[in-house]
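> What follows is a predicted structure for the sequence shown.
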Amino acid sequence: MFLGTHTPKLDEKGRFFLPARFRDDLADGLIVAKGQERCLAIFTPAEFERQAQAALSNSPTLRDIRDFQRSFAAGASEETPDKQGRVTIPPLLRAYAGLDKEIAVIGAFNRVEVWDLAAWQAYEAAQDEKFSSLDADITPGTAGG
């Protein structure tokens, strides 16, 4: 499970250091894909396979389903962290997420998300009030709900 917020820097080659607590789970390889809200999602290969199977379980006769499947698969990239724990984000994905130097790397349970730092801060500020008012219909069985 991936948790927490980290703010490494993206270097001139499009690499960043994975937070130490994420490295073991991603050391043998990972998949970087487009996420919603213009962030990137990093999955273990097994979790990416689960996500792909879920996407494939929907009817390909629906245009929105085909569009999602295409964007998700075509934008995905298999990467392996180097010996120092750095991950390279391909240029296409950096452009999609608007990544420059300042980034936020957040744990989101089954995935790691990579955001432009300013975009993450704006998103988080907008969500804080909404989060505090979520009820048991959305979060059944949680301490807040």
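That came in fine, so what should we check first? Residues are numbered from 1 along each chain as shown.
> Which of the three states applies to the spatially most central residue of the chain?
For the chain, the residue sitting closest to the mean C-alpha position, by C-alpha atoms, centre = their mean, is Ala41 at 2.0 Å. Secondary structure, DSSP: H, G, I helix; E, B strand; the rest coil: Ala41 is strand.
> What is the burial count for Glu96?
That one is not Glu; residue 96 is Tyr. 18 (other C-beta atoms under 10 Å). Where you see a C-beta, it was placed from the backbone N, CA and C, and this is true even at glycine.
> now Lys9
That count, for Lys9 with other C-beta under 10 Å as the rule, works out to 12.
> How about it, nearest residue that isn't a chain neighbour?
In space, Lys9 comes closest to Lys101 once its chain neighbours are excluded; the distance is 5.7 Å by C-beta to C-beta, 6 or more residues apart in numbering.
> I figured the one you found hits Thr7, correct?
No: using C-beta atoms under 8 Å, Lys101 is not in contact with Thr7, being 10.8 Å away.
> quick one: which of these two has more around it?
Thr7 (15 against 11).
> Can you check the pLDDT for that one?
With respect to pLDDT, Thr7 has a value of 98.
> Now it. Nearest residue, chain neighbours left out?
Using C-beta to C-beta, 6+ apart, the closest residue to Thr7 is Ala104 (5.7 Å).
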